[in-house]
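>>> I'll drop the sequence and a predicted model, then ask my questions.
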Amino acid sequence: MLTEEVRVRDLCTTILMCLKINPGSLGFDYMRQAIILCYNDRSLLKLITKKLYPQVANIFNVKANIVERSIRAAIDKAYSCGGLLGLNDFYNVIVYTNKFKFTNSELIAIIVEKIRIDIMKEKFLYMK
């Protein structure tokens, strides 16, 4: 069985690709790292600009505003091609209609919670 750290990274990558976030963009890498950091420390979701972006920027050796802008650009591109509609596939119901764009923090929080749910399900099934 994969370690939880590897599983979280795999789930995050899969989810971002299902939402049509371009894996070749910097926003993809920054977003994946931000999601992993928030998965490990939920308090970062409340301090996106003060703590999360600077931590991601430090990891990639860039400025925090570049991290924010790259993530926003990746979300905008996914929104424009209808990629965020992939959220409906995760829940098997219509939860998103592409009539509004998520903020960076909203989409990060949604993905973090989706990963938490999936990891809990896997742990539960593994225990049986």
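Nice, thanks for sending it over.
>>> remind me, longest helix of this structure?
helix 104-127 (DSSP state H).
>>> Flag the shaky bits of this structure, pLDDT-wise.
1-2, 84, 91-98, 126-128 (pLDDT under 70).
>>> For it, which segments are assigned as helices?
Using DSSP H, helices in the chain cover 4-18, 26-40, 53-60, 64-80, 86-91, 104-127.
>>> Now mean neighbour count too, for those, in JSON lines please.
Backbone N, C-alpha and C define where each C-beta goes, glycine included. Putting the helices of the chain into JSON lines (neighbours: other C-beta atoms under 10 Å) gives the following:
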{"stretch": "helix 4-18", "mean neighbour count": "16"}
{"stretch": "helix 26-40", "mean neighbour count": "21"}
{"stretch": "helix 53-60", "mean neighbour count": "17"}
{"stretch": "helix 64-80", "mean neighbour count": "19"}
{"stretch": "helix 86-91", "mean neighbour count": "15"}
{"stretch": "helix 104-127", "mean neighbour count": "16"}
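>>> need the ones you listed in JSON lines with distance to residue 46, can you?
Output for those, formatted as JSON lines (distance: least, C-beta to C-beta, whole Å):
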{"stretch": "helix 4-18", "distance to residue 46": "20"}
{"stretch": "helix 26-40", "distance to residue 46": "10"}
{"stretch": "helix 53-60", "distance to residue 46": "13"}
{"stretch": "helix 64-80", "distance to residue 46": "16"}
{"stretch": "helix 86-91", "distance to residue 46": "22"}
{"stretch": "helix 104-127", "distance to residue 46": "9"}
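>>> For residue 39, see how far away residue 80 is.
27 Å (C-beta to C-beta, to the nearest Å).
>>> One more: residue 104?
16 Å.
>>> With residue 48 instead?
Applying C-beta to C-beta to residue 48 and residue 39 gives a distance of 14 Å.
>>> repeat for residue 74
In terms of C-beta to C-beta, residue 74 sits 18 Å off from residue 39.
>>> Next: residue 88.
Counting by C-beta to C-beta - residue 88 and residue 39 are separated by 22 Å.
>>> again, but for residue 53
16 Å.
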